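Asker: next one to model:
(one chain, ligands or ions: 3)
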Amino acid sequence: MRSAHTVEQVRAAEADLMARLPEGTLMQRAATGLAVAISNFLGSTYGARVVLLIGSGDNGGDALYAGARLARRGAQVTAVLLSDKAHAEGLEALKMCGGRVGSVEDIRGADVVIDGIVGIGGRPGLRPDALAAVQLAEQFDVPIVAVDTPSGVDVDTGETPEPHVNAALTVTFGTHKICHFIDPAATACGPVHLVEIGLDLPPAEVESLQAADIRHLYPVPHGESDKYSRGVLGLMVGSTQYPGAAVIATAGALGGPVGMVRYVGPDPVAEAVRAAHPEIVAGNGRVQAWTIGSGLGDELDIPRIRELLDAEEPVVLDADGLKALDDSGDHVDVLATPHAGELARLLDVDRATVEAERLKHARLAAERYDVTVLLKGATTVIAAPDGQVRVNSNATPWLATAGAGDVLAGLCGSLLAGGLSPLDAASLGAYLHAAAANLASSSGPTTAISVAAALPEATRYLLRS
Ligand SMILES: NC(=O)C1=CN([C@@H]2O[C@H](COP(=O)(O)OP(=O)(O)OC[C@H]3O[C@@H](n4cnc5c(N)ncnc54)[C@H](OP(=O)(O)O)[C@@H]3O)[C@@H](O)[C@H]2O)[C@@H](O)CC1
Ligand SMILES: Nc1ncnc2c1ncn2[C@@H]1O[C@H](COP(=O)(O)OP(=O)(O)O)[C@@H](O)[C@H]1O
Ligand SMILES: [K+]
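Answerer: Ligands and ions are numbered 1, 2, ... in the order given. Predicted coordinates for the structure are as follows:
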């Protein structure tokens, strides 16, 4: 599992550890890991031209000490001091190793720029001289490696209300920070490399589950299993307006662990679903979970959906079905799967506000509606009503294709029917959906149906990993 902690949690853990170690030990650990990561990024250190952008705090200290190590290994290292309070010992170390102080002009022709402007002590935004330096790097196409966090982002929320660094790589220390996991800041980080420095940390604020954490959640059938005990999923999806959604969501459900799928909807749509998936049973009957809403269009029966939301069986509520959600009552067995536009409607804000503040709004909706929220997007944010937050970041942008959300709704319903909690169904569902998309796209176009068809293979990989 990857964990992200708040700045306050990191500061407390740092203070605790520093009290037991000689002064400067943590910064040396951070700088050593940073120098190695920059060397790997460059491929070859000897003769490489490295420009350090140095702010007033310890983030600049990390960059200066790493720069000293690179200079010792033959890099031409230049520090651009953006504050008159640059870390004095770090600067001294750099000079001792042959590094020098230069100006933003050195960015032209550099192989890499190191962003040591601000880290966890920074406020969002860049001051004018820092912004000018970052813009020069962008203009000359010089990649930026961010130290700890890309300067200018909001570290604890992942929001980017002001100009910020867009990094080709971020090297962080001790633990991930929330901005590494939550968009739009997560995108500004590029790949994130974690350097262990020995912090002893409390439970994380945000988690990113990896294959090893997710694998054991899958309801693998055993010798005593039958189709009913494996779980039956009811699908109330698709409409005469959008029959394809029913076919696609069914494909997603059948790619999950259920023993049987019942389709409930208009006859012509049921026929289309049966033609594509002869395995399904059309009509009402006992189920262990529901997926409701994908492609219902205007044909949704809100009173009936509310009845099902109030019933015992857990529900995945998607797309148009979300219109049936109200903020009275206990919905802890409901997994809502909105995209940003749908979440915006639920919270009566505009879509851009949700896109800009994804963590905040996913949490808000989970709390207000007492549901688990899976907010779709390039990174998926999953917020449970008890405050737990998980993210999934392994998707490919090729997954942004019509019907992909219907596959996810069917799959998550299948996992609920298999006995998972909404939080675990969302986590495993988002992971497998993205893994299937990676298999189906192989870095090229794909379709929702192809993603659903790749679910069994993605599951096999996961269970074998
Ligand atoms: N914690 C740990 O475990 C470890 C931490 N380590 C490292 O320390 C880093 C944190 O260092 P830090 O506390 O000195 O804060 P940091 O981010 O360098 O600068 C804050 C200063 O910048 C300024 N400033 C603020 N906003 C600004 C802006 N938008 N644009 C420009 N300037 C701005 C403001 O000062 P001002 O200029 O306003 O006086 C503020 O005081 C951390 O990220 C990691 O790299 C590792 O060495 C080892 C383990
Ligand atoms: N840029 C992106 N990168 C990765 N995954 C994405 C991206 N954009 C969207 N997705 C994923 O694609 C799916 C789209 O679902 P949705 O918006 O409901 O589309 P539809 O309604 O057409 O099915 C979601 O699982 C979402 O997380
Ligand atoms: K930084």
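Asker: which SSE is Gly33 in?
Answerer: helix 25-42 (DSSP states H and E).
Asker: identify the residues contacting the closest residue to Gly198 other than its chain neighbours.
Answerer: What sits nearest to Gly198 in space, not counting adjacent residues and going by C-beta to C-beta, 6 or more residues apart in numbering, is Leu17, at 6.1 Å. All C-beta spots, glycine's among them, are computed from the backbone N, C-alpha and C. Each residue near Leu17 by C-beta atoms under 8 Å, 6 or more residues apart in numbering is listed here: 26, 197-200.
Asker: so which of those are also by ligand 1?
Answerer: 26, 197 (C-beta under 6 Å from any ligand atom).
Asker: ok, the contacts of Leu17 vs ligand 1, which is closest?
Answerer: Leu26 (4.1 Å; C-beta to the nearest ligand atom).
Asker: which pLDDT does the model give the closest one?
Answerer: Note for Leu26: predicted pLDDT of 96.
Asker: wouldn't it be in contact with Met18 here?
Answerer: Yes: using C-beta atoms under 8 Å, Leu26 makes contact with Met18 at a distance of 6.1 Å.
Asker: higher neighbour count, those two?
Answerer: Leu26 (20 against 14; other C-beta atoms under 10 Å).
Asker: any idea how far Ala362 is from Ser294?
Answerer: According to C-beta to C-beta, to the nearest Å, Ala362 stands 19 Å off from Ser294.
Asker: the more surrounded of the two?
Answerer: For Ala362 versus Ser294, neighbours defined as other C-beta under 10 Å are more numerous around Ser294 (32 against 28).
Asker: does the more buried one count as helix, strand or coil?
Answerer: Three-state call for Ser294 (DSSP: H, G, I helix; E, B strand; the rest coil): coil.
Asker: now Leu235
Answerer: From three-state DSSP, the assignment for Leu235 is strand.
Asker: with the one 4 residues further on instead?
Answerer: When classified by three-state DSSP, Ser239 comes out as coil.
Asker: once you drop chain neighbours, what's closest to it?
Answerer: Closest to Ser239 by C-beta to C-beta, 6+ apart is Glu299, at 4.0 Å.
Asker: now do the one you found: how many residues are near it, please.
Answerer: There are 15 residues near Glu299, going by other C-beta under 10 Å.
Asker: Ala245: which element?
Answerer: Short version, using DSSP H and E: Ala245 is in helix 243-254.
Asker: which SSE is immediately downstream of that helix?
Answerer: Following helix 243-254 toward the C-terminus (DSSP H and E): strand 260-263.
Asker: and for the helix holding Ala245, what are the contacting residues?
Answerer: 233, 235, 237-239, 261, 263, 265, 268-270, 272-273, 276-277, 279-280, 291, 294-296, 319, 403, 406-411, 413-414, 433, 448-449, 452-453, 455.
Asker: which ones among those residues lie within strands?
Answerer: 233, 235, 261, 263, 291 (DSSP state E).
Asker: what sits against the residue nearest to the last one when sequence neighbours are not counted?
Answerer: Take Thr291 and drop its neighbours on the chain: the residue closest to it by C-beta to C-beta, 6+ apart is Gly413, 3.1 Å away. The contact partners of Gly413, by C-beta under 8 Å, 6+ apart, come to 233, 235, 249, 253, 256, 258, 289-291, 316.
Asker: check Ile38 too.
Answerer: Neighbours of Ile38 in contact, by C-beta under 8 Å, 6+ apart: 45, 50, 66, 70, 112, 114, 145, 171.
Asker: if you rank those residues by neighbours, which is first?
Answerer: Going by other C-beta under 10 Å, Ala66 tops the contacts of Ile38 with 32 neighbours.
Asker: and that one, how far from ligand 2?
Answerer: 32 Å (C-beta to the nearest ligand atom, to the nearest Å).
Asker: help me confirm that that residue is found in a helix?
Answerer: Yes: with three-state DSSP as the criterion, Ala66 is assigned to a helix.
Asker: in contact with it, which residues?
Answerer: Ala66 neighbours (C-beta under 8 Å, 6+ apart): 31-32, 34-35, 38, 114, 147.
Asker: and those, which two are the farthest apart?
Answerer: Taking C-beta to C-beta as the measure, the contacts of Ala66 span a maximum distance of 14.5 Å, between Thr32 and Ile114.
Asker: look up the closest residue to the residue in the chain that ligand 2 sits nearest to, ignoring the ones flanking it.
Answerer: Residue of the chain nearest ligand 2, by C-beta to the nearest ligand atom: Gly405 (2.0 Å). Nearest residue to Gly405, sequence neighbours excluded (C-beta to C-beta, 6+ apart): Lys376, at 6.2 Å.
Asker: isn't the one you found right next to Leu408, touching?
Answerer: Yes: assessed by C-beta under 8 Å, Lys376 is found in contact with Leu408 at 7.3 Å.
Asker: what sits in contact with each of those two?
Answerer: Joint contacts of Lys376 and Leu408 (C-beta under 8 Å, 6+ apart) are Thr337.
Asker: mind checking which of the two has more residues around it?
Answerer: Leu408 (32 against 24).
Asker: can you tell me which residues contact that one?
Answerer: Taking C-beta under 8 Å, 6+ apart as the test, what Leu408 contacts is 252, 318, 337, 374, 376, 429-430, 433.
Asker: please redo it, this time with the cut-off set to 10 Å
Answerer: When contacts are counted by C-beta atoms under 10 Å, 6 or more residues apart in numbering, Leu408 is found next to 249, 252, 291, 294, 316, 318, 337, 374, 376, 380, 399, 426, 429-430, 432-434, 436-437, 448, 451-452.
Asker: one more: Arg345?
Answerer: Per C-beta under 10 Å, 6+ apart, neighbours of Arg345: 322-323, 338, 351, 354.
Asker: and for Lys376?
Answerer: Applying C-beta under 10 Å, 6+ apart, the residues near Lys376 are 318, 337-343, 392, 395, 399-400, 404-405, 408, 430, 433.
Asker: so how far is Thr45 from it?
Answerer: Relative to Thr45, and taking C-beta to C-beta, Lys376 is found at 41 Å.
Asker: that older thread, most neighbours out of the contacts of Ala66, which is it?
Answerer: Of the contacts of Ala66, with other C-beta under 10 Å as the count, Val147 tops at 34 neighbours.
Asker: mind checking the backbone torsions on the residue nearest to Ser239?
Answerer: The phi and psi values for Glu299, taken as degrees, to the nearest 10, are phi -90, psi 20.
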